[in-house]
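Asker: Need a 3D model of the following:
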Amino acid sequence: MKHLLSNLSIQVNEKIYIKNPESSDLGRRIIEGGIDLLEKVGFDDFTFNKLAKNIKSTEASIYRYFESKHKFLLFLTSWYWGWMEYQLVFRLANIISPEDRLERALRLLTEKVHEQGCYSHINELKLHKIVISESSKAYLTREVDQENKEGVFAGYKQLVERVSNIILEMNPGYKYPHMLISTVIEGAHHQRFFAEPLPRLTDEVEGSDAITEFYREMVFKSIQPGIPEEPPERLKES
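Answerer: Model (predicted):
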């Protein structure tokens, strides 16, 4: 899969950038250096001035590719979701059972990411850490409605849609497939983040990836048919 992925070009919505950074050596240096800097200092302390110094270029040259650091973060997160979707397609190819496909999909969405080296200018492990800690800042903004209309979040939505469709194969009557899968993705990110600075907010299970197993168990139990659609009368009254 590593060889196949390395030959794929992840498409990012052209409204995010001024000039496609994948199209030039400087652009790829901006991506590589930006990932290194963001992973090190975080989005709040990240500036194009600092990035320019790190890659031995000029701030003006970076602005020829991105109009703001927000757009740069959008580029990285959009690329990440596209990369995840490609991996999902490969993992599910020729797998007939929807249960097996859902199992594989949930592991991809929740497991730890390891550096694969598929792309010379993108460290997948560092990018994953950025997505965990910073990706919500890409859409928790006042511009989210307009950016959504421009299709900026299409990659994320397509990924959720693919896995939601597997759930509907297993239980066509399940009413919350998109909500469930987006909760799995965001929740798994939160749990990965909690693991180091706030370990009392998560759990460890020896010999197991507790986060992946927790969300696997949650999803398979949630989509089982026969769960009451209405709360018991005693709960309604309270």
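Asker: Do a quick rundown of the helices in this structure.
Answerer: Using DSSP state H, the helices assigned to the chain run over residues 2-6, 25-41, 48-54, 59-63, 69-92, 98-110, 124-134, 136-139, 144-149, 154-170, 177-194, 210-222, 233-237.
Asker: Which residues does the second one contact?
Answerer: It stands for helix 25-41. Outside helix 25-41, the residues within contact range by C-beta atoms under 8 Å, 6 or more residues apart in numbering are 19-22, 46, 50-51, 54-55, 57, 61-62, 65-66, 72-73, 75-76, 120-123, 126-127, 129-130, 134. Backbone N, C-alpha and C define where each C-beta goes, glycine included.
Asker: Now that helix: average pLDDT?
Answerer: For helix 25-41, mean pLDDT is 97.
Asker: Which positions in it come out as buried?
Answerer: Going by neighbour count (16 or more other C-beta atoms under 10 Å), the buried part of helix 25-41 is 26-35, 37-39.
Asker: mind saving the C-alpha coords of that helix as PDB?
Answerer: What follows is helix 25-41 as a C-alpha-only set of coordinates in PDB (Å, rounded to 0.1, in the frame of the first residue of the first chain):
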ATOM      1  CA  ASP A  25       9.900  22.900  -4.700                       C
ATOM      2  CA  LEU A  26       9.300  26.000  -2.600                       C
ATOM      3  CA  GLY A  27       5.700  25.000  -2.000                       C
ATOM      4  CA  ARG A  28       6.700  21.500  -0.800                       C
ATOM      5  CA  ARG A  29       9.200  23.100   1.500                       C
ATOM      6  CA  ILE A  30       6.500  25.300   2.900                       C
ATOM      7  CA  ILE A  31       4.300  22.200   3.600                       C
ATOM      8  CA  GLU A  32       7.200  20.300   5.200                       C
ATOM      9  CA  GLY A  33       8.500  23.200   7.200                       C
ATOM     10  CA  GLY A  34       5.000  24.200   8.200                       C
ATOM     11  CA  ILE A  35       4.200  20.800   9.500                       C
ATOM     12  CA  ASP A  36       7.400  20.700  11.600                       C
ATOM     13  CA  LEU A  37       6.700  24.200  13.000                       C
ATOM     14  CA  LEU A  38       3.000  23.600  13.700                       C
ATOM     15  CA  GLU A  39       3.700  20.300  15.500                       C
ATOM     16  CA  LYS A  40       6.400  22.100  17.600                       C
ATOM     17  CA  VAL A  41       4.700  25.400  18.600                       C
END
